[in-house]
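Novice: Here is a sequence together with a model predicted from it:
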Amino acid sequence: MSRESWKIFQIMAEFVAGFERLSQIQPSVSIFGSARTPPGHPYYALTEEIARKLSDAGFAVVSGGGPGLMEAANKGAFAGKSPSVGLNIMLPHEQIANDYQDVSLSFQHFFARKVMFVKYAKAYVVMPGGFGTLDEVIEALTLIQTGKSVRMPIILVHSPFWAGLIDWFKKTLITEGVIGKEDLDLFVVADNAQEVIDAIFRYYERSGFEPSAEEKEIKLNL
């Protein structure tokens, strides 16, 4: 058997470990944001506050497990009532896991890790960040737009940061016809912790918290 074929078993092991552990930690909210934002920055404080409020409201908080806003998310959740979860990634320039994780999983493969973020999430909270953060939010929007994932709140936090991207969506993507106007309804924008909490609860007050049989099937086949 070739080396590439043996990789299948490593990939399977990552999925099995993630499914087994994360299926027991529900409901959860995935929080994304820059690894480069240091403690003391306003984004760090805001992320920590959001995570603490989510944790105290009964949501486990899932982050990428690293520094920056990932650390802030885990730190806020760690101080709250619900589990703080880190999905760590092994990188060539090693990512150092933060110290605020009740549950810590490590992944070699980005694609396996990304499945874990979306499969069990009841909401995505997206803080300011770079390519990795954009990758996560665009994938979530794509999965929901195409019906490969169930609808859930996707909340972009701090409107000045996201204004340029949203303007590009409106003036270029919609104008060029590559997305529809209705696709702008797939996300909302918030500017403080309470707005994030309210957006999540408002969504589930309308749609119901328990997934339908169809939604369970979609999640199974994600």
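Specialist: Now that the structure is in, tell me what you want to look at.
Novice: three-state assignment of the spatially most central residue of the chain?
Specialist: For the chain, the residue nearest the mean C-alpha position is residue 30 (3.2 Å; CA atoms, centre = their mean). Residue 30 falls in the strand class when you classify it by DSSP: H, G, I helix; E, B strand; the rest coil.
Novice: Ok, residue 86 next?
Specialist: Applying three-state DSSP: residue 86 is strand.
Novice: before we move on, what about residue 163?
Specialist: What three-state DSSP gives for residue 163 is helix.
Novice: Just the angle for the lengthiest helix in the chain relative to strand 28-32, thanks.
Specialist: The longest helix of the chain (DSSP state H) is helix 3-22. Angle, helix 3-22 to strand 28-32, by axes from the mean of the first three to the mean of the last three CA atoms, to 10 degrees: 120 degrees.
Novice: Show residues contacting helix 3-22.
Specialist: With contact meaning CB atoms under 8 Å, 6 or more residues apart in numbering, helix 3-22 is reached by 28, 62, 85, 87, 103, 105, 107-109, 112-113, 115-116, 119-120. Using the backbone N, CA and C atoms, a C-beta is placed for each residue, glycine as well.
Novice: now that helix, how far from the chain's geometric center?
Specialist: With CA atoms, centre = their mean, to the nearest Å as the basis, helix 3-22 stands 21 Å off its chain's centre.
Novice: low pLDDT regions in the chain?
Specialist: Within the chain, the ranges that satisfy pLDDT under 70 run 1-2, 93-95.
Novice: Next, count neighbours for residue 129.
Specialist: Using other CB atoms under 10 Å, residue 129 has 23 other residues around it.
Novice: That one and residue 19, how far apart?
Specialist: 26 Å (CB to CB, to the nearest Å).
Novice: quick one on the thing from earlier: from residue 220, how far out is the residue nearest to the centre of the chain?
Specialist: For residue 30, the distance to residue 220 - CB to CB - is 19 Å.
Novice: Likewise for residue 174?
Specialist: With the distance defined as CB to CB, residue 174 ends up 33 Å from residue 220.
Novice: in stretch 150-157, what's buried?
Specialist: The neighbour-count check on stretch 150-157 (16 or more other CB atoms under 10 Å) flags 150, 152, 153, 154, 155, 156, 157 as buried.
Novice: just checking, which of the residues you listed belong to strands?
Specialist: Using DSSP state E, the members of the buried residues of stretch 150-157 that fall in strands are 154, 155, 156, 157.
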